[in-house]
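Q: Have a look at this prediction, sequence included:
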Amino acid sequence: MITITDLPIHSGDLLRAFEAENAAAGAIVTFTGQVRPNSNSGAVSALFLQAYSPMTETGIERAIKTANAKWPLTGVKVVHRVGEMQPGDTIVFVAAASKHRRAAFEAADFLMDYLKTEAVFWKKETVADKATWIEPRAEDYQDARRWNMEQAQACQE
Amino acid sequence: MAKLLYFGRLSDLTGTTVEVLDLPDDIRTAADLRDWLDLRFEASGAMKEPTVRIAINNEIVFDADPVAGDDEIAFMPPVGGG
C-alpha cells in the first residue's frame, strides 16, 4: 500500500498492477507528481528528498486510514521517491479505487494534500549550483486545510 | 549508545545524518540534549528552535521529556512535504 523508494518510479507499471488488483472497482484515479524544472528561484538542476522511516510511512498510513473513513474506497496505493532526483523524474504516485469516480478523485486529492504538507519528508532543491532546503508554501497549507485536517492543524500549532 | 539523527537543514549543519555515541551523564531531558548539541555544533541556537521537533524512538516528545542512553533521537526541522 505504501512504498518509499530511492529507485525510479514507473507510473504506467504501477497503474497496470493497481488496475489488476482492483478489477472490481468502477473507478480508478491516479496522480503522478514530477520534479518541476523551475522553481521561484530559477532553473532546478536537482532535488533531494529525505524520509524518516518508519515515521514517514506511519504518517502516510494514518492519512490513508482517514481517507478510507471519509470515502468508500476499495484500494489505495502511495509510492514516494526519496534521494537524488532530476527534473522530469516521477517523485510520487498516488492511486485510489472506488465504486464511483467522485470518491476516487477526492481521495487522491486529499492524499496529495497530505503528502505535500504534512508528510515527513525534507526536501533540498538545487538552483544554479546553490542547494536550499524547502519548507511548505502557504498555498500548500491552504490546500490541506480544505479537508479540515485536524492533524494538519495540530502540527502547525 | 544513543543514535542521533539529523534531518533537513540540520544535516548540513552537523555534517552528518546519523551518529552513534554515548551521551554525557548530565543529559536527562530532550532540552538538555538540545543545549549540549547546540554548543557542540556551534549551531547558534538552531538545535533549540521550537520549530525543530524531537522524536525519541519514533514518537514526538516535549523538551521536558526524558532521554535514555540507548534511545534513537531524531531532530526534525519543519517538514518540506513531498
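A: Looks like it came in fine. If you're wondering where the values come from, they're calculated on a predicted model, not measured in any experiment.
Q: Would you mind listing what in chain B touches chain A?
A: Counting by Cβ under 8 Å from any Cβ of the partner chain, the residues of chain B close to chain A are B:5, B:7-9, B:11-12, B:17, B:55, B:58, B:74, B:76-82. C-beta coordinates here come from the backbone N, C-alpha and C atoms, glycine included.
Q: Provide a list of residues in contact with A:A63.
A: By Cβ atoms under 8 Å, 6 or more residues apart in numbering or on different chains, the residues touching A:A63 are A:F110, A:L111, A:Y114, A:L115, A:E118, A:A119.
Q: what about 10 Å?
A: By Cβ atoms under 10 Å, 6 or more residues apart in numbering or on different chains, the contact set of A:A63 is A:2, A:76, A:78, A:110-115, A:118-119, A:147, A:149, A:151-152.
Q: Drop anything exposed from those.
A: A:2, A:76, A:78, A:110-115, A:118-119, A:147, A:149, A:152 (16 or more other Cβ atoms under 10 Å in any protein chain shown).
Q: so which strand or helix has A:V92?
A: Taking DSSP states H and E as the definition, one finds A:V92 inside strand A:90-98.
Q: let me redo that: A:T132
A: According to DSSP H and E, A:T132 maps onto strand A:130-134.
Q: Show me what that strand is packed up against.
A: Contacts defined by 3 or more Cβ pairs under 10 Å, 6 or more residues apart in numbering or on different chains; DSSP states H and E place strand A:130-134 against strand A:42-51, strand A:121-127, helix B:9-14.
Q: swap the cut-off to 7 Å and go again
A: In terms of contacts (3 or more Cβ pairs under 7 Å, 6 or more residues apart in numbering or on different chains; DSSP states H and E), strand A:130-134 is packed against strand A:121-127.
Q: Grab the CA positions of stretch A:101-118 and hand them over as CSV.
A: Output in CSV follows, covering the C-alpha atoms of stretch A:101-118 (Å, rounded to 0.1, in the frame of the first residue of the first chain):
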residue,chain,number,x,y,z
ARG,A,101,-15.4,8.3,-9.6
ARG,A,102,-16.1,11.1,-7.2
ALA,A,103,-14.8,9.2,-4.1
ALA,A,104,-11.6,8.2,-6.0
PHE,A,105,-11.0,11.8,-7.3
GLU,A,106,-11.4,13.3,-3.9
ALA,A,107,-9.4,10.7,-2.0
ALA,A,108,-6.5,11.1,-4.4
ASP,A,109,-6.6,14.9,-4.0
PHE,A,110,-6.8,14.5,-0.2
LEU,A,111,-3.8,12.2,-0.1
MET,A,112,-1.8,14.5,-2.3
ASP,A,113,-2.5,17.5,0.0
TYR,A,114,-1.3,15.4,3.0
LEU,A,115,1.8,14.4,1.1
LYS,A,116,2.6,17.9,0.1
THR,A,117,2.4,19.4,3.5
GLU,A,118,2.3,17.1,6.5
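Q: my guess is A:M85 meets A:P37, correct?
A: No: using Cβ atoms under 7 Å, A:M85 makes no contact with A:P37, being 11.7 Å away.
Q: related to what we said a few turns ago, may I see the buried residues of the strand holding A:T132?
A: A:W133, A:I134.
Q: roughly how far is it from the heart of the chain?
A: How far strand A:130-134 lies from its chain's middle: 20 Å, per Cα atoms, centre = their mean, to the nearest Å.
Q: Same check on stretch B:41-61?
A: Taking Cα atoms, centre = their mean, one finds the center of stretch B:41-61 at 5 Å from the center of the full chain.
Q: That'll do, ta.
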